[in-house]
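Q: based on what follows, work out the 3D shape:
(chains A, B and C)
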Amino acid sequence: MELYFFLFFAIVAVASSVAMILQRNPIYCVLLLIMVMISIAGLYLMLDAQFVAIIQIVVYAGAIMVLFLFVIMLLNLSREEGGVFRIQKPLAVLLAALLFLPVAAMVMSYAGGGTTPPADGGGAGFGEVEQIGTLLFTKYLLPVEIAAVLLLIAIVGAVVLTRKGTVSVGE
Amino acid sequence: MSYLPLILLVILVLIVAAVIVTLSSYIGRKKTSASKLASYECGVPIKDSARKNFSVKFYLIAILFILFDVEIIYLYPWAVVYGDLQLYGAAAMGVFFLLLVIGFLYEWKRGALEWD
Amino acid sequence: MVVDPMILEGAIALVKIGILLGVVFTTVAYLTFMERRVSALIQDRLGPNRVGPMGLLQPLADGIKFMWKEEFIPASADRKLFAIAPALILVPALLIFAVIPVGGEVTIPAFTLFGLQIQETTTTLQIIDLNVGILYILGMTSIAVYGIALGGWSANNKFTLLGGIRSSAQMISYELSLGLSIVGILMLTGSLQMSKIVAAQDTFFEWFIFRQPLAFVIFVIAAFAENNRLPFDLVECEQELVGGYHTEYSSMRFSMFMISEYASMVAASALMATLFFGGWHMPFEDQVGPGLVTLYQVAGFLLKTGFFLFVYIWVRWSLPRFRYDQLMAIGWKVLLPLALLNVVITGIWMLV
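A: Prediction:
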């Protein structure tokens, strides 16, 4: 049963990402990317990581993709414009091949035994909000605060970039 | 925990939605003409496409939404464990919260929230 | 023959889902009728009263009419997106109901049906009690944005595009306040699970309306804006945008937008009852006999939800509409700071 669900989500994720790359209409690309996000959330859910799964939907599918959609809709990018970056395609293939190697190596090492997950699935309450909250605000407090600083910088950056009447070079 | 009920609900709801969307394509009469299929524009002949560039304000709203959404997501697991962490939790979130408020005040003062 | 527990679980789930969808669709149908009757009452006219006794068959007539209407798609529209958009709104609106608890635990006694032995089972009156219940609801509301944005964009019409963009910007702005207003409740409950939030309100004076009054006000305003209801219905304000994002829609696809709007109203009302008014907990529960207590609780929950639905209609026909700049100012400069303040107050209150 679990295998079938895994296969379903995995195939949907891979198929939608391939379709997204082949799709010429950017709006459809956005929708396909949302499909990818939701199927990845499904995979997280299968790993009993409820919180991560729902964050995947709230943040990626629900917030970041909205920005993508806004940019594509409002800039009127109805068709992908080709031929601008001629080097892009071969470079992309090369990079993908390079990235594929370590991933493949990792998968192979798992197949030959590797590390096995704990038998009890990480213990009671694994992946639940209570556990994540405790860990985030005790053991990993510093990264959380750094994330806050990062978000502050992002807010400042967004406001500065879109502010009207920016000072021109001459002044 | 079993997700079976949720999966069943998702499947059923998708079926219901698909049925309603396709239903009226099959029932109902079809009699079309060029002017009927033209976009509605108060009866005036259509002037160029509707899809045009929009105000940068909308992007700013979307970007700020992402940023605050992420901050709120951090608040959720904190709120759940706040009862246990007590004063320590208040201090830990205090710093985070302060940075959030500074960012909020900055965009307010810079006029990013003005809509004109 | 004894039934396999997993099949039994699935069967119970299917029965619950069937009842849920049936109740939601019936409520939505009669809500449109209620809306017309209440608006008539407020405006001192009669309203629809011809179809059936007191006009009670009106929703049925409306439904049949919608189905037989001609459906046309504008020639310049993106046909695929145009077809998907209404479904993209309806699906999340209905999925929200999965985590809303309607009542407590119910025990189904063992019985035999067509030679199948069904063992005694206990089930809750809720489709699924996710550990991240509240976040699930937020996730569903954030996905609903796509239907409106794409519905407006795909028709390639100036009014629909403006309506779609306005509405999606409005929805994402108010989603922040909606999400933040609940944080106070989560701090007091210590869980995101809907059943635990309800359990935290089992006595009357523990209802969160008494402990989180500010959060309730923010939640109600944000929920009105999320549902694009007056005074925040700039999305479809007839005087400026004809019909907003669904101007070009016709027939059942148009009715899908209406069904989704009313379904999310029902969901929002049920959430107000669940989060702030004790959910299915009612005063004087212990004085009701053991056989009737579940019935009493479910009836109480439906009554609370019904009350908020009435408030929705009441507000719509009483208040004028905001201007768009006012709308954005309320969302970002009033509700968001107030929601932040609410978190701070709750934090301090819990410490002392």
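Q: hey, let's count contacts and neighbours off CA atoms from now on
A: OK.
Q: so what's the closest residue to C:A13 other than its chain neighbours scoring on pLDDT?
A: Among residues not flanking C:A13 along the chain, B:P5 sits closest, at 5.3 Å (CA to CA, 6 or more residues apart in numbering or on different chains). Here, the pLDDT recorded for B:P5 equals 87.
Q: for the one helix or strand B:P5 maps to, output the C-alpha coordinates as CSV.
A: Under the criterion of DSSP states H and E, B:P5 resides in helix B:4-26. Extracted in CSV, the C-alpha atoms of helix B:4-26 (Å, rounded to 0.1, in the frame of the first residue of the first chain):
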residue,chain,number,x,y,z
LEU,B,4,-7.2,7.2,4.7
PRO,B,5,-10.2,9.5,5.4
LEU,B,6,-8.3,12.5,4.0
ILE,B,7,-7.3,10.6,0.8
LEU,B,8,-10.9,9.5,0.3
LEU,B,9,-12.2,13.1,0.8
VAL,B,10,-9.6,14.5,-1.7
ILE,B,11,-10.6,11.9,-4.3
LEU,B,12,-14.3,12.5,-3.8
VAL,B,13,-14.0,16.3,-3.9
LEU,B,14,-11.9,16.2,-7.1
ILE,B,15,-14.6,14.0,-8.7
VAL,B,16,-17.3,16.4,-7.7
ALA,B,17,-15.4,19.4,-9.0
ALA,B,18,-14.6,17.6,-12.3
VAL,B,19,-18.2,16.6,-12.8
ILE,B,20,-19.6,20.1,-12.2
VAL,B,21,-17.0,21.6,-14.5
THR,B,22,-17.8,19.3,-17.4
LEU,B,23,-21.5,18.9,-16.8
SER,B,24,-22.7,22.1,-18.4
SER,B,25,-20.5,21.6,-21.5
TYR,B,26,-22.7,18.7,-22.4
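Q: buried residues in it, which are they?
A: For helix B:4-26, the neighbour count (16 or more other CA atoms under 10 Å in any protein chain shown) marks B:4-6, B:8-10, B:12-14, B:17-18, B:20-21, B:23-25 as buried.
Q: how about stretch C:201-216?
A: Buried residues in stretch C:201-216, counted by 16+ other CA under 10 Å: C:201-202, C:207-209, C:211-212, C:214-216.
Q: all the strands of the stretch 101-250 of chain C, in order from the start?
A: According to DSSP state E, counting those that start in this stretch, the stretch 101-250 of chain C carries its strands in the segments C:103-108, C:111-113, C:116-118, C:121-125.
Q: of all the ones you listed, which lies closest to chain A?
A: When these are compared by CA to the nearest CA, strand C:121-125 sits nearest chain A, at 20.2 Å.
Q: packing partners of that closest one?
A: Secondary-structure packing of strand C:121-125 (3 or more CA pairs under 8 Å, 6 or more residues apart in numbering or on different chains; DSSP states H and E): strand C:103-108.
Q: in chain C, where is pLDDT below threshold?
A: Applying pLDDT under 70 to chain C flags the ranges C:1, C:234-243.
Q: need the next SSE after the biggest helix by length in it, C-terminal direction.
A: When chain C is parsed with DSSP state H, its longest helix is helix C:5-42. Next along the chain after helix C:5-42, taking DSSP H and E as the criterion, comes helix C:58-68.
Q: give the buried residues for that next one.
A: Under the neighbour-count criterion of 16+ other CA under 10 Å, helix C:58-68 has C:58-59, C:66-68 buried.
Q: now those residues in a markdown table, with distance to A:P102?
A: Below are those laid out as a markdown table (distance: CA to CA, whole Å):
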| residue | distance to A:P102 |
| --- | --- |
| C:Q58 | 64 |
| C:P59 | 61 |
| C:F66 | 57 |
| C:M67 | 56 |
| C:W68 | 58 |
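Q: and those near chain B, which?
A: C:67-68 (CA under 8 Å from any CA of the partner chain).
Q: which residues of chain A lie near chain B?
A: Going by CA under 8 Å from any CA, the residues of chain A near chain B are A:55, A:59, A:63-64, A:66-67, A:70-71, A:73-76, A:129-130, A:132-134, A:137, A:141, A:144-145, A:148-149, A:151-152, A:154-156, A:158-159, A:162-163.
Q: which of those residues fall in helices?
A: A:55, A:66-67, A:70-71, A:73-74, A:129-130, A:132-134, A:137, A:141, A:144-145, A:148-149, A:151-152, A:154-156, A:158-159, A:162.
Q: OK, contacts around the closest residue in space to C:P92 that isn't next to it in sequence?
A: With CA to CA, 6+ apart as the criterion, C:P92 has its nearest non-adjacent residue at 5.1 Å, and that residue is C:M140. Contact partners of C:M140, counting by CA atoms under 8 Å, 6 or more residues apart in numbering or on different chains, are A:58, C:92-93, C:95-96.
Q: can I get those in JSON lines with secondary structure, distance to C:G300 and neighbour count?
A: Shown next, in JSON lines, are these (DSSP: H, G, I helix; E, B strand; the rest coil; distance: CA to CA, whole Å; neighbours: other CA atoms under 10 Å in any protein chain shown):
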{"residue": "A:V58", "secondary structure": "helix", "distance to C:G300": "32", "neighbour count": "25"}
{"residue": "C:P92", "secondary structure": "helix", "distance to C:G300": "26", "neighbour count": "25"}
{"residue": "C:A93", "secondary structure": "helix", "distance to C:G300": "23", "neighbour count": "26"}
{"residue": "C:L95", "secondary structure": "helix", "distance to C:G300": "23", "neighbour count": "20"}
{"residue": "C:I96", "secondary structure": "helix", "distance to C:G300": "20", "neighbour count": "22"}
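Q: now, of the residues of chain A next to chain B, which are buried?
A: Among the residues of chain A next to chain B, those classed as buried by 16+ other CA under 10 Å are A:55, A:59, A:63-64, A:66-67, A:70-71, A:73-74, A:129-130, A:132-134, A:137, A:141, A:144-145, A:148-149, A:151-152, A:154-156, A:158-159, A:163.
Q: for C:Q43, what are phi and psi?
A: Dihedral angles of C:Q43 (phi, psi; degrees, to the nearest 10) stand at phi -90, psi 10.
Q: any figure for the gap between it and chain A?
A: In this view, C:Q43 and chain A are 40 Å apart by CA to the nearest CA, to the nearest Å.
Q: farthest pair within the buried residues of stretch C:201-216?
A: Within those, C:D202 and C:L214 form the most distant pair, 20.6 Å apart (CA to CA).
Q: about what we covered before: could you dump the contacts of C:M140 into CSV and include distance to B:Y59?
A: Listed next are the contacts of C:M140 as CSV, based on distance: CA to CA, whole Å:
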residue, distance to B:Y59
A:V58, 19
C:P92, 24
C:A93, 26
C:L95, 29
C:I96, 28
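Q: next, see if stretch C:272-282 gets close to chain B.
A: No - interface with chain B: stretch C:272-282 contributes nothing (CA under 8 Å from any CA), its closest point being 15.4 Å away.
Q: got the contact list for that stretch?
A: With CA under 8 Å, 6+ apart, stretch C:272-282 has contacts from C:100-104, C:185, C:197-198, C:201-204, C:206-209, C:212, C:216, C:219-220, C:296-298, C:300-301, C:304-305, C:308.
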